[in-house]
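Student: Quick one: sequence and predicted model below, then my questions.
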There are 2 protein chains.
Amino acid sequence: MTERISEAELAVMEVLWAQSPLTALDVAERIGPVRGWSDRTVKTMLGRLMAKGVILHEEDGRRYLYRPTVARDAYVARESRRLVDRLFGGRAAPLVAHLAEGDGLSPEDIAELEALLKELKS
Amino acid sequence: MTERISEAELAVMEVLWAQSPLTALDVAERIGPVRGWSDRTVKTMLGRLMAKGVILHEEDGRRYLYRPTVARDAYVARESRRLVDRLFGGRAAPLVAHLAEGDGLSPEDIAELEALLKELKS
DNA sequence: CGATAACGATTACGAGTGTAGTCGGAGACG
DNA sequence: CGTCTCCGACTACACTCGTAATCGTTATCG
């Protein structure tokens, strides 16, 4: 049901996932420095995210407070699945294998994965 | 260096990764039925992929034979890394955890991952 | 040799994206 | 009360993507 979130929009979502509700300017302050966006741009993103239904706003005097309607976890799960489906025929193991190649796995990752697998088998 | 490949373009790449070199019509025959594309559309994709430098063509009489310049493995590794970086701060373990949640891991996946981890530790 | 068919090259066009600018109304300030 | 300012709503514009259609040239077939 939830529509796709573009890369730039995701930056706004990350801010709101980190803390919400926030005003448009709050969001802009947290993003502007990092991405070099004007506050207008942030406002546009908020508008588009509203249109996509992934955030909502509540009135607060003469301005709005924005908050996500979609949990980060849910979004992340969907995107992960998309990638795995598109590139690996839905199988997770090859993905991990690929990450392992380019030195993508730290020792902590490996330990964490082992623990995870142990749990899954039980 | 390599530019991004869009979703529709990826379908063309998959065909060429499966077999190459191929003519435009060869590609269209392999894709058209599945995606419902006209051969014109396939030609457009080939042109854009050429512009992006991820395929090249060799002349074969009055037509071209196309082949990838980028290995599927390299592409897949880059895209996987992008996702992991964007959504998981570069850590692979949380990704696998997310996939595991939605029943995303088959028993074979789990077995395969175990074997992989064993190998990585050695 | 003239018509036709097969190709590649160029162009089209609406939706989405990145990145803003402008307009209009409601408070704030003098 | 008139003016300035802050905010959201609407508009802009170039670029990418998905999905083709048209143009020009060259080989081919009768």
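Tutor: That came through fine.
Student: quick check: angle from the lengthiest helix in chain A to helix B:72-88?
Tutor: Ranked by residue count and defined by DSSP state H, the top helix of chain A is helix A:72-88. In terms of direction (axes from the mean of the first three to the mean of the last three CA atoms, to 10 degrees), helix A:72-88 departs from helix B:72-88 by 180 degrees.
Student: Going along the chain, name the helices of chain A.
Tutor: Under DSSP H, chain A gives helices at A:7-18, A:24-35, A:39-51, A:72-88, A:92-101, A:107-121.
Student: can the ones you listed go into JSON lines with extra columns for mean pLDDT?
Tutor: Listed next are the helices of chain A as JSON lines, based on pLDDT from 0 to 100:
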{"stretch": "helix A:7-18", "mean pLDDT": "96"}
{"stretch": "helix A:24-35", "mean pLDDT": "89"}
{"stretch": "helix A:39-51", "mean pLDDT": "95"}
{"stretch": "helix A:72-88", "mean pLDDT": "91"}
{"stretch": "helix A:92-101", "mean pLDDT": "82"}
{"stretch": "helix A:107-121", "mean pLDDT": "83"}
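Student: before we move on, the earlier item: just the C-alphas of the longest helix of chain A, formatted as PDB.
Tutor: Output in PDB follows, covering the C-alpha atoms of helix A:72-88 (Å, rounded to 0.1, in the frame of the first residue of the first chain):
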ATOM      1  CA  ARG A  72      11.300   2.800  10.000                       C
ATOM      2  CA  ASP A  73      11.400  -0.900  10.600                       C
ATOM      3  CA  ALA A  74       8.500  -1.500   8.200                       C
ATOM      4  CA  TYR A  75      10.100   0.600   5.500                       C
ATOM      5  CA  VAL A  76      13.500  -1.000   5.900                       C
ATOM      6  CA  ALA A  77      12.100  -4.400   5.800                       C
ATOM      7  CA  ARG A  78      10.200  -3.700   2.500                       C
ATOM      8  CA  GLU A  79      13.300  -2.200   0.900                       C
ATOM      9  CA  SER A  80      15.500  -5.100   1.900                       C
ATOM     10  CA  ARG A  81      13.100  -7.500   0.500                       C
ATOM     11  CA  ARG A  82      12.900  -5.600  -2.800                       C
ATOM     12  CA  LEU A  83      16.600  -5.700  -3.200                       C
ATOM     13  CA  VAL A  84      16.800  -9.400  -2.300                       C
ATOM     14  CA  ASP A  85      14.000 -10.200  -4.700                       C
ATOM     15  CA  ARG A  86      15.400  -8.100  -7.500                       C
ATOM     16  CA  LEU A  87      19.000  -9.200  -7.400                       C
ATOM     17  CA  PHE A  88      19.100 -12.500  -5.600                       C
END
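Student: Can you tell me which residue of chain A sits closest to DNA strand D?
Tutor: A:R63 (3.6 Å; CB to the nearest atom of the strand). Every residue, glycine included, has its C-beta placed from N, CA and C.
Student: That residue: neighbouring residues, count only.
Tutor: 10 (other CB atoms under 10 Å in any protein chain shown).
Student: If we ignore the residues flanking it in sequence, what's nearest it?
Tutor: A:T23 (5.5 Å; CB to CB, 6 or more residues apart in numbering or on different chains).
Student: unless I'm mixing things up, A:L65 is touching A:A24, no?
Tutor: No - here A:L65 does not reach A:A24: they are 9.2 Å apart, not a contact under CB atoms under 8 Å.
Student: which of these two has more neighbours?
Tutor: For A:L65 versus A:A24, neighbours defined as other CB under 10 Å are more numerous around A:A24 (20 against 16).
Student: gap between A:L105 and A:S20?
Tutor: According to CB to CB, to the nearest Å, A:L105 stands 33 Å off from A:S20.
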